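1. sequence and predicted structure, then a few things I'm wondering about:
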Amino acid sequence: MIMPGELGSMDQGGETNTNALLTIDDVLNMKLAYRESDKKRGTKARLSREYGVSEMCVNLILAGKRWKHANIEDYERLKNAFGRYFWERRME
């Protein structure tokens, strides 16, 4: 029998999930790409092929039902606050 606390935190969302195919950078870039696209037919399919996930996964991410913690507004606020230093550190 598994005792409470043996498995660690039950919050296994995002990158902490061992089965995660995406990183938070992937999700944010996906959201930004969709926001900047013309949102024509096939955009979500292209994103799903590019990131190696199903189109349903892309739909759920863009609808805010998955990866809820990956917030573009927070990401852009950090980018504006820290400028070039922020981006250089993220790319290392």
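-> Noted; the coordinates are in hand. Residues are numbered from 1 along each chain as shown.

2. for the rest of this, base every contact and every neighbour count on C-alpha atoms.
-> OK.

3. tell me the SS of the residue nearest to the spatial centre of the chain?
-> Nearest to the geometric centre of the chain sits Val27, at 2.3 Å (Cα atoms, centre = their mean). Assigned by DSSP: H, G, I helix; E, B strand; the rest coil, the conformation of Val27 is helix.

4. who are the contact partners of it?
-> Ile61, Trp67, Ala70 (Cα atoms under 8 Å, 6 or more residues apart in numbering).

5. what about the residue nearest to Leu62 when sequence neighbours are not counted, neighbour count?
-> Nearest residue to Leu62 in three dimensions, chain neighbours excluded: Lys31, at 6.4 Å (Cα to Cα, 6 or more residues apart in numbering). Lys31 is flanked by 21 other residues according to other Cα atoms under 10 Å.

6. which strand or helix spans Lys31?
-> For Lys31, the host element (DSSP states H and E) is helix 24-36.

7. can you pull the buried residues of whatever helix or strand comes next after that helix?
-> Counting by DSSP H and E, the next helix or strand C-terminal to helix 24-36 is helix 43-51. When burial is assessed from 16 or more other Cα atoms under 10 Å, helix 43-51 yields the following buried residues: Lys44, Leu47, Ser48.

8. tabulate those residues in JSON lines, adding columns for pLDDT.
-> Output for the buried residues of helix 43-51, formatted as JSON lines (pLDDT from 0 to 100):
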{"residue": "Lys44", "pLDDT": "93"}
{"residue": "Leu47", "pLDDT": "95"}
{"residue": "Ser48", "pLDDT": "95"}
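
9. where does this protein dip in pLDDT?
-> 1-13, 15-16, 78, 82-92 (pLDDT under 70).

10. Val58: neighbour count?
-> 22.

11. do the one 5 residues further on as well
-> When counting by other Cα under 10 Å, one arrives at 12 neighbours for Ala63.

12. before we move on, what about Tyr75?
-> Using other Cα under 10 Å, Tyr75 is surrounded by 13 other residues.
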